[in-house]
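Participant: here is the input, now give the coordinates:
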Amino acid sequence: MPELPEVETVRRGLVKSCIGKKIIDVEVLHRRATNPRSLSPLNVAVGSTINNVSRRGKFLWFELDRPIALVAHLGMSGQFRIHDKQNEVVPAHKHVRTRFTLAQDGRGARTTDLRFIDQRTFGWLAICEYRDGVPELVSKIARDIFDPEFDSKKIVAKFRSKRTEIKRALLDQNLMSGVGNIYADESLWRAKIHPQSQASELSARKISGLLDTVRVVMSQALVEGGTSFDSLYVNINGESGYFERSLEVYGREHQHCSRCGGEIRRIAFAGRSSHFCPICQRR
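Facilitator: Residues are numbered from 1 along each chain as shown. A predicted model of the protein is given here:
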């Protein structure tokens, strides 16, 4: 599933390609592309101009020149792909779920094809009203670590109040959004914290250091365009990210830890896997 660095990479690409353009057509090609909680059909966005593209955690939304937002969640395999219809032949793609036609001048003289592609169909789009400055479907999601209003001291206190494993707390989007399995494992390794350590038993200093590490890891991933293990995550131009080359533990079961030489292990965790070094990350 795309995590914050991948979603932010997509957002930045959409900002470059979509701001100022008018949506002149919307074609929904799969019923699951629209979230059941959508305020209205997606074609209500026709005629609106895209003023900005924003993000919180793993959620994206297009800010329109009207009091509604077009919200997107990439799910497991969602992608936005952009094509300039004037400069290339746009081949059909069997996993296109929604197609937006964008025009620079609003009259369609020069149009761009923006596609929402989703092989596994867990992603979605929705029309949403705003609540407290963010779309209603995003309003209950916690701020992410790059949010200007992210309060580290407050979040540290919330982590320490949780009687649960620290990795489970990291993945809780109601505590801090944007962190998924990959960056949780990488951050815990760098901070030398066992994924099954109890959050409530860690010191404030330890958790604060972990949050700093999360910020560093995801910042580095952003520089490299995120992590791509297969074709399910690419940016809006179809290009893969390269942070996979920098991974220290995730997906490296039985390989040697670059820090101590120990053997990386994988354990089952909350329906998924955790990768860690049992020597560096003692409980």
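Participant: ok, which stretches of this structure are strands?
Facilitator: 22-28, 50-56, 59-64, 69-73, 78-84, 96-103, 111-118, 124-128, 130-131, 134-135, 265-269, 272-276 (DSSP state E).
Participant: among those, which is nearest residue 212?
Facilitator: strand 272-276 (19.1 Å; Cβ to Cβ). C-beta coordinates here come from the backbone N, C-alpha and C atoms, glycine included.
Participant: any residues touching that closest one, and which ones?
Facilitator: Residues from elsewhere that reach strand 272-276, judged by Cβ atoms under 8 Å, 6 or more residues apart in numbering: 167, 181, 185, 188-189, 194-196, 249-253, 264-268.
Participant: got a PyMOL select line for the buried ones in those residues?
Facilitator: Of the contacts of strand 272-276, the buried ones can be selected in PyMOL as follows, counting by 16 or more other Cβ atoms under 10 Å:
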select buried, resi 167+181+185+188+189+194+195+196+249+250+252+264+265+266
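Participant: from the contacts of strand 272-276, which land in helices?
Facilitator: Cross-referencing the contacts of strand 272-276 against helices under DSSP state H gives 167, 181, 185, 188-189.
Participant: show me the shaky parts of the protein.
Facilitator: Applying pLDDT under 70 to the chain flags the ranges 85-93, 105-109, 229-232.
Participant: can you list the domain ranges for it.
Facilitator: Split into domains by automatic domain parsing, the chain comes to 4-138, 152-276.
Participant: so how far is the first one from its chain's centroid?
Facilitator: Same thing as domain 4-138. Its chain's C-alpha centre and that of domain 4-138 lie 15 Å apart, by Cα atoms, centre = their mean, to the nearest Å.
Participant: span of that domain from start to end?
Facilitator: Start and end residues of domain 4-138 are separated by 14 Å (Cα to Cα, to the nearest Å).
Participant: then stretch 66-82?
Facilitator: Span of stretch 66-82 from end to end, Cα to Cα: 23 Å.
Participant: pretty sure residue 84 sits against residue 103.
Facilitator: No. Applying Cβ atoms under 8 Å, one finds residue 84 not in contact with residue 103, separated by 11.8 Å.
Participant: which one of the two is surrounded by more residues?
Facilitator: Taking other Cβ atoms under 10 Å, residue 84 and residue 103 do not tie; residue 103 has more neighbours (17 against 12).
Participant: residue contacts, that one?
Facilitator: Applying Cβ under 8 Å, 6+ apart to residue 103 gives the contacts 21-22, 24, 109-112.
Participant: residue 27: what's its closest spatial neighbour, skipping adjacent residues?
Facilitator: Counting by Cβ to Cβ, 6 or more residues apart in numbering, residue 27 lies nearest to residue 99, which is 4.4 Å off, once chain neighbours are set aside.
Participant: against residue 137, how distant is the one you found?
Facilitator: The spacing between residue 99 and residue 137, counted by Cβ to Cβ, to the nearest Å, is 22 Å.
Participant: higher neighbour count, these two?
Facilitator: Between residue 99 and residue 137, residue 137 has the larger neighbour count (other Cβ under 10 Å), namely 22 against 18.
Participant: what residues are up against that one?
Facilitator: With contact set as Cβ under 8 Å, 6+ apart, residue 137 has these partners: 35, 37, 59, 71, 126, 128.
Participant: separation between it and residue 162?
Facilitator: Applying Cβ to Cβ to residue 137 and residue 162 gives a distance of 25 Å.
Participant: which of the residues in stretch 147-165 are buried?
Facilitator: Quick answer for stretch 147-165 (16+ other Cβ under 10 Å): 150, 155-156, 158-160, 165.
Participant: go ahead and confirm residue 161 touches residue 200.
Facilitator: Yes. In this structure, residue 161 is within contact of residue 200 by Cβ under 8 Å, at 6.8 Å.
Participant: going along the chain, name the helices of the stretch 101-250 of the chain.
Facilitator: 152-160, 166-171, 181-191, 204-223 (DSSP state H, counting those that start in this stretch).
Participant: for the first one, name the packing helices and strands.
Facilitator: Counting contacts by 3 or more Cβ pairs under 8 Å, 6 or more residues apart in numbering; DSSP states H and E, the secondary-structure elements packed against helix 152-160 are helix 204-223.
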